[in-house]
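Peer 1: have a look at this prediction, sequence included:
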Amino acid sequence: QGEIYPSGYIEFVATFSPKASKVYKDTLAICCSGREDAIEIALHGTGIGPKAMFSFDTLDVGEIFVSAVHKYTVALHNIGDIAGVFEMRMHEASIATHKLEIEVTPLRGTLEV
């Protein structure tokens, strides 16, 4: 609530704090005495989530001797502007079908910027 004199102006501060990675749209309505209709301003903003990328797309281990243990390092990089939380999940059906013995660590964590 305020008063604007003829040829004057007032500044507003709109703070955008998205909670999810999606497009937000809304309308700000300003009611002024002496006007029949409110003045409307369209507000648009996009929440941008973290961006993570593995160091490569496919890990082809080739042929491995039975009972041999091989360890491979795959890096998960944060290429975005904000930190992100990750959680690794294996496809249980694939593991059961192919009788895979795979251990992945860490299973969860935070990727800092």
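Peer 2: Happy to help now that I have it.
Peer 1: strands of this structure, residue ranges please.
Peer 2: Assigned by DSSP state E, the strands in the chain fall at 23-30, 39-46, 52-54, 76-78, 84-87, 108-111.
Peer 1: most tightly surrounded among these?
Peer 2: Neighbour counts (mean count of other C-beta atoms under 10 Å) averaged over each of these peak at strand 76-78, with a mean of 14. No exception for glycine: its C-beta is placed from N, CA and C like everyone else's.
Peer 1: what number of residues lie near the nearest residue to Ser55 once chain neighbours are set aside?
Peer 2: Closest residue to Ser55 apart from its sequence neighbours, by C-beta to C-beta, 6 or more residues apart in numbering: Ala75 at 4.0 Å. By the measure other C-beta atoms under 10 Å, the count of residues near Ala75 is 8.
Peer 1: Ala42 contacts Ala29, correct?
Peer 2: No - the criterion here is C-beta atoms under 8 Å, and Ala42 misses it with Ala29 at 10.7 Å.
Peer 1: how long is stretch 26-41 from one end to the other?
Peer 2: 9 Å (C-alpha to C-alpha, to the nearest Å).
Peer 1: what sits up against it?
Peer 2: 4, 14, 42-43 (C-beta atoms under 8 Å, 6 or more residues apart in numbering).
Peer 1: what residue ranges in this protein score low on pLDDT?
Peer 2: 1 (pLDDT under 70).
Peer 1: with adjacent residues omitted, what lies nearest to the residue at minimal distance from the centre of it?
Peer 2: In the chain, the C-alpha nearest the mean C-alpha coordinate belongs to Gly49, at 1.8 Å (C-alpha atoms, centre = their mean). Leaving out its chain neighbours, the residue that sits closest to Gly49 by C-beta to C-beta, 6+ apart is Ser21, at 3.3 Å.
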